[in-house]
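Trainee: sequence first, then the predicted structure:
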There are 2 protein chains.
Amino acid sequence: MTSAARTPQLRRSNLALVLDQLRRRGTCSRSQLVAATGLTRSAIAGLVGELEALGLVVEAPSVSEGRPGRPSPVVRVDDRCVVALAIEIFVDEIGAAFVALDGSIVNSVRAARPRTRVAVAETVADVASLVDRLEAQIPPHQHAGHQVIGCGVSVPGLVRDVDGVVVAAPNLGWIDVSLAESLASVLGRGIPIHVGNDADLGALAESRFGAGVGSDHMIFVSGEVGVGGGLVAAGRPVVGHLGFAGEIGHLPVNPEGRRCRCGSIGCWETEVGESALLERAGLDPDGGRSAVEELLDRAATGDQRAANALTSEARWLAIGIAGLVNVFDPDTVVLGGLFARILPALREPLDAELADRRYLAARRDVAVVGAALGPQAVTVGAAELAFGPLLDDPAGVMSAAVA
Amino acid sequence: MTSAARTPQLRRSNLALVLDQLRRRGTCSRSQLVAATGLTRSAIAGLVGELEALGLVVEAPSVSEGRPGRPSPVVRVDDRCVVALAIEIFVDEIGAAFVALDGSIVNSVRAARPRTRVAVAETVADVASLVDRLEAQIPPHQHAGHQVIGCGVSVPGLVRDVDGVVVAAPNLGWIDVSLAESLASVLGRGIPIHVGNDADLGALAESRFGAGVGSDHMIFVSGEVGVGGGLVAAGRPVVGHLGFAGEIGHLPVNPEGRRCRCGSIGCWETEVGESALLERAGLDPDGGRSAVEELLDRAATGDQRAANALTSEARWLAIGIAGLVNVFDPDTVVLGGLFARILPALREPLDAELADRRYLAARRDVAVVGAALGPQAVTVGAAELAFGPLLDDPAGVMSAAVA
DNA sequence: GATGTTTGTTGACAAGTATGACAAACCTCG
DNA sequence: CGAGGTTTGTCATACTTGTCAACAAACATC
């Protein structure tokens, strides 16, 4: 149910609006905020003042720009005071980072790990020591200034939205893991921990800071070992009933295809996933990123089998994208991970296939672009997840955090 | 950009909230509204009073219910004062109806038409005379009470959201038709005209008054000649960038399949559409609804070929539904049109296939149900489209309508 | 240095809801 | 039948928030 609006909600909404504008536009003057929001000078003064008092934005003295009139003070999001702890859990690597409210990564650490240490307890322990290393990087005098407002965790699996439980992470062998609880006891602090699916977080980051900026309806298609994705409709992430939305890797595209690890047949990822691509090129299906590089090299030097594999990849990619476009009507499709890396090599066949398959192609002008943030997308996305409540209710969260 | 909130917006939002509550809960007392919205008695009194003054709700004297305490006046949506004109354009039929704010159909007329009269000008003329008949049905003394607040038009084709232009309606042979403009000049009145896709409108109606009530994340799958659909995420219709979202009939499910009328290959509707079903059963693919009845009869009396056709239909239906469920994570899938009619006959094989194909089936509990509104769904949906602005800003629209 | 322009600041005003006191309308109990 | 308890509508007042208009400050140009 949409809850009733009372007077203080108004303040909350406007506070969030100003903060959002500052994040989108970067540095901007108070008078620009007046123009952008439609609020009056006095209202903006009060809102910016409150955000400054909360430590979320900083106001620099006015800078003359050669135009007549009194110059307006420049406001920008504080890039040090408030940070989020972003934790990434992959199969063969874990990472941790502090990310500022403007999306910049303050510092980060990563650690490879053997595939034998992916159990929950081991993972949690490894993450804890990684976070210790992360904190040690920060000089003590800066430490006082930082305030860790929340923690976002990326997991390659299905995450239930309401309670953050990792319902299933096939590549890690996890089932029904209350990751947030485990991490909370180890990390010690009382900061709220949010868990999200890696592809969803990548989509979130690309939507706000990457290739999806300016797009209200975006599809993010990320190829790794499997294929994941995230949807943004009307500017908001589509999470679904339980938070499982975006499992586009399991769109059925080929009823005569291979059995997927999910148990179904002919899922999209069995056709466009990394192993399918490598296998078609005659390379080791489990060769990973280096094998993909090898494939690209071979194709560039005229290897027909590699070229054919890429053409086939483009075809299957186009089939899935066309379907998603028909269902969602996005203005932008962002390709991430594996697909971003091989996109230059399959640009032409992909566009050709898309033009052929796209429903009423002539009417559509969907941009299919590569991701802009690369591997940092997940980091930034995890932080965005942690910043979520703050962006929604700046004053409420900050005053609660102090207490 | 989310616009800034000023004090009057607060009123608007609460007014809309109360009206929405009354529509959802039907008749309900003022004290129930207090409990539901969280607003105070005095606020509710003011809001209900304003809605009553606008002619949107009526307040009945309190009814004693045997409980202690002063009884609360009963409020309900006025089912006569404000109506929407719902116009439905199908290939071989057109319809018009007045629909009240509570979703009840005041009166309606329908007219079959030959397939030779589907051109835009002819359709507009036929609709105009149909609306005349519709108005003639209403006794003059009631006419004074009615106020037609808007007009919603259902079209079997792609409708661009921003301007209501019918970009393409293949079955009618329409391309880039400014239907709203043409209808406005013929209908005469100054009422705003909204155009929408038939499946999207069916989804809207089922979501608000039909099988999707209580569901925040719904997929509506409607089978007619083609296959259309509508999506509801977080309680709101997903329209997409241009308004084309929901073209689920053109999900690619079979790369070895038939060529679709959209130009692509192996679209879902080439496998689950009416003609595919009939063809598999050895019936006339263009036999229409009566042929489907024939098929169901044959299957019920043991005709193996008819039974096989239904099994095959269930399989392909499950394939598409599974994909959509994986991408969207709905809590409810509503089957409409053809699929609603044949659902009883393919319940078992459908559920079996779904259990087999659904990603991580054990974790999911998606309800797959038949539509509840039948052919009235589109009527009600068209009215809902027309009521949209009113539901968003009751006072603003009503005062503008009077002026 | 005078003038014009843009912008921050300030205090009075308007819109909307909350609060609390009181009255009205119902029940139950004696 | 009347007293007491409970729930609810009504009313006057207070609080929050943004607007408006007047004024001052900071810039450019002439």
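Mentor: Arrived safely. Predicted model, so just to flag it, every value in this text is computed and none were measured.
Trainee: so where do the helices sit in the stretch 1-150 of chain A?
Mentor: Taking DSSP state H, counting those that start in this stretch as the test, the helices found in the stretch 1-150 of chain A are A:7-25, A:30-37, A:41-53, A:120-136, A:140-145.
Trainee: around chain B, pick out the residues from the stretch 251-400 of chain A.
Mentor: Residues of the stretch 251-400 of chain A lying near chain B by Cβ under 8 Å from any Cβ of the partner chain: A:251-256, A:262-265, A:319-320, A:322-324, A:326-331, A:356-361, A:363. Glycine gets a C-beta too; all of them are placed from N, C-alpha and C.
Trainee: out of these, which are buried?
Mentor: For those, a burial check counting by 16 or more other Cβ atoms under 10 Å in any protein chain shown picks out A:251-255, A:262, A:264-265, A:319-320, A:322-324, A:326-331, A:357-361.
Trainee: restrict those to those near DNA strand C?
Mentor: Applying Cβ under 7 Å from any atom of the strand to those, one finds that nothing falls near DNA strand C.
Trainee: narrow those residues to those in helices?
Mentor: A:I319, A:G320, A:A322, A:G323, A:L324, A:N326, A:V327, A:F328, A:R357 (DSSP state H).
Trainee: residues in contact with the closest residue to the fourth one other than its chain neighbours?
Mentor: Taking Cβ to Cβ, 6 or more residues apart in numbering or on different chains, and ignoring the residues beside it in sequence, A:G323 has B:L251 as its nearest neighbour in space, at 4.4 Å. If you count contacts by Cβ atoms under 8 Å, 6 or more residues apart in numbering or on different chains, B:L251 has them with A:L251, A:G323, A:N326, A:V327, B:C267, B:W268, B:G320, B:G323, B:L324.
Trainee: of all those residues, which comes closest to B:A401?
Mentor: A:V327 (36.0 Å; Cβ to Cβ).
Trainee: need the contact list for the closest one.
Mentor: B:G229, B:L231, B:A245, B:G246, B:E247, B:I248, B:L251, B:L324, B:V327.
Trainee: so what's the residue count around the third one?
Mentor: Neighbourhood size, B:A245 [other Cβ atoms under 10 Å in any protein chain shown]: 25.
Trainee: which pLDDT value belongs to the closest residue to it other than its chain neighbours?
Mentor: Excluding the flanking residues, the one nearest B:A245 by Cβ to Cβ, 6+ apart is A:D329, at 4.2 Å. Here the pLDDT value assigned to A:D329 is 94.
Trainee: am I right that A:D329 is in contact with B:I248?
Mentor: No - using Cβ atoms under 8 Å, A:D329 makes no contact with B:I248, being 11.4 Å away.
Trainee: and the residue nearest to B:A245, how far from B:R160?
Mentor: 10 Å (Cβ to Cβ, to the nearest Å).
Trainee: which residues are in contact with each of those two?
Mentor: B:L242, B:G243, B:F244.
Trainee: could you check the angle helix B:304-328 makes with the helix or strand hosting A:W316?
Mentor: Using DSSP states H and E, A:W316 sits in helix A:304-328. If you take axes from the mean of the first three to the mean of the last three Cα atoms, to 10 degrees, helix A:304-328 sits at 90 degrees to helix B:304-328.
Trainee: and the next helix or strand past helix A:304-328?
Mentor: Going down the chain from helix A:304-328, the next helix or strand is strand A:332-337, by DSSP H and E.
Trainee: can you name the residues that contact A:A340?
Mentor: A:G370, A:A371, A:G374.
Trainee: surely the second one is in contact with A:S207?
Mentor: Spelled out, it's A:A371. No - here A:A371 does not reach A:S207: they are 10.7 Å apart, not a contact under Cβ under 8 Å.
Trainee: so what sits against both of the two?
Mentor: Residues touching both A:A371 and A:S207 (Cβ under 8 Å, 6+ apart): A:F220.
Trainee: so which residues on the stretch 51-200 of chain A come close to DNA strand C?
Mentor: Counting by Cβ under 7 Å from any atom of the strand, the stretch 51-200 of chain A comes close to DNA strand C at A:R67, A:P68, A:G69, A:R70, A:P71, A:S72, A:P73.
Trainee: how many residues are close by the third one?
Mentor: The burial metric for A:G69, expressed as a neighbour count using other Cβ under 10 Å, is 8.
Trainee: flag every residue of the stretch 51-200 of chain A that's near DNA strand D.
Mentor: A:S62, A:S64, A:G66, A:R67, A:P68, A:G69, A:R70, A:P71.
Trainee: so which one among the residues you listed has the lowest pLDDT?
Mentor: Scanning these for pLDDT, the low point is A:S64. It has 77.
Trainee: give me the spatial nearest neighbour of that one, chain neighbours excluded.
Mentor: A:P71 is the one closest to A:S64 (Cβ to Cβ, 6+ apart), at 5.1 Å.
Trainee: and the closest residue to DNA strand C within chain A, how far from A:R25?
Mentor: Closest contact between chain A and DNA strand C, by Cβ to the nearest atom of the strand, is at A:G69 (2.0 Å). Distance, A:G69 to A:R25, using Cβ to Cβ: 20 Å.
Trainee: same check on A:G282?
Mentor: Separation of A:G282 from A:R25 (Cβ to Cβ): 50 Å.
Trainee: ok, now A:F98?
Mentor: For A:F98, the distance to A:R25 - Cβ to Cβ - is 23 Å.
Trainee: same question for A:V167.
Mentor: Using Cβ to Cβ, A:V167 is found at 38 Å from A:R25.
Trainee: so the two - more neighbours on which side?
Mentor: Higher neighbour count among A:V167 and A:R25: A:V167, with 19 against 14, using other Cβ under 10 Å.
Trainee: which SS class is that one?
Mentor: Taken by DSSP: H, G, I helix; E, B strand; the rest coil, the conformation at A:V167 corresponds to strand.
Trainee: go ahead and confirm it touches A:D161.
Mentor: No - using Cβ under 8 Å, A:V167 is not in contact with A:D161, being 10.4 Å away.
Trainee: what's the most distant pair in the residues of the stretch 51-200 of chain A next to DNA strand C?
Mentor: With Cβ to Cβ as the measure, no two of those lie farther apart than A:P68 and A:P73, at 17.2 Å.
Trainee: who has more neighbours, these two?
Mentor: A:P73 (14 against 4).
Trainee: who's in contact with the more buried one?
Mentor: A:S29, A:R30, A:E59, A:A60, A:P61, A:S62.
Trainee: ok, now how distant is it from A:S64?
Mentor: 12 Å.
Trainee: same question, A:P349
Mentor: To A:S64, A:P349 is 54 Å away according to Cβ to Cβ.
Trainee: among those two, which residue is more densely surrounded?
Mentor: Ranked by neighbour count (other Cβ under 10 Å), A:P349 and A:S64 place A:P349 first, with 18 against 8.
Trainee: so that one is in which element?
Mentor: Per DSSP H and E: A:P349 is located in helix A:338-357.
Trainee: helix or strand right after that helix?
Mentor: Following helix A:338-357 in sequence, per DSSP H and E, is strand A:367-370.
Trainee: gap between the helix or strand that that following strand is followed by and the chain center?
Mentor: The helix or strand immediately downstream of strand A:367-370 is helix A:376-392, counting by DSSP H and E. For helix A:376-392, the separation from the chain centroid amounts to 8 Å (computed by Cα atoms, centre = their mean, to the nearest Å).
Trainee: what bridges to A:V334?
Mentor: Beta-bridge pairing of A:V334 under DSSP bridges involves A:F220, A:V369.
Trainee: does chain B sit close to stretch A:194-211?
Mentor: No - under the criterion of Cβ under 8 Å from any Cβ, stretch A:194-211 makes no contact with chain B; the nearest approach is 11.0 Å.
Trainee: for A:A281, give me the pLDDT.
Mentor: Taking A:A281 on its own, its pLDDT is 96.
Trainee: burial check on it, number of neighbours?
Mentor: Around A:A281 there are 26 other residues, counting by other Cβ under 10 Å.
Trainee: now it: phi and psi?
Mentor: phi -90, psi 0 (degrees, to the nearest 10).
Trainee: for it, give me its contacts.
Mentor: A:L295, A:R298, A:R305, A:A306, A:N308, A:A309, A:L310.
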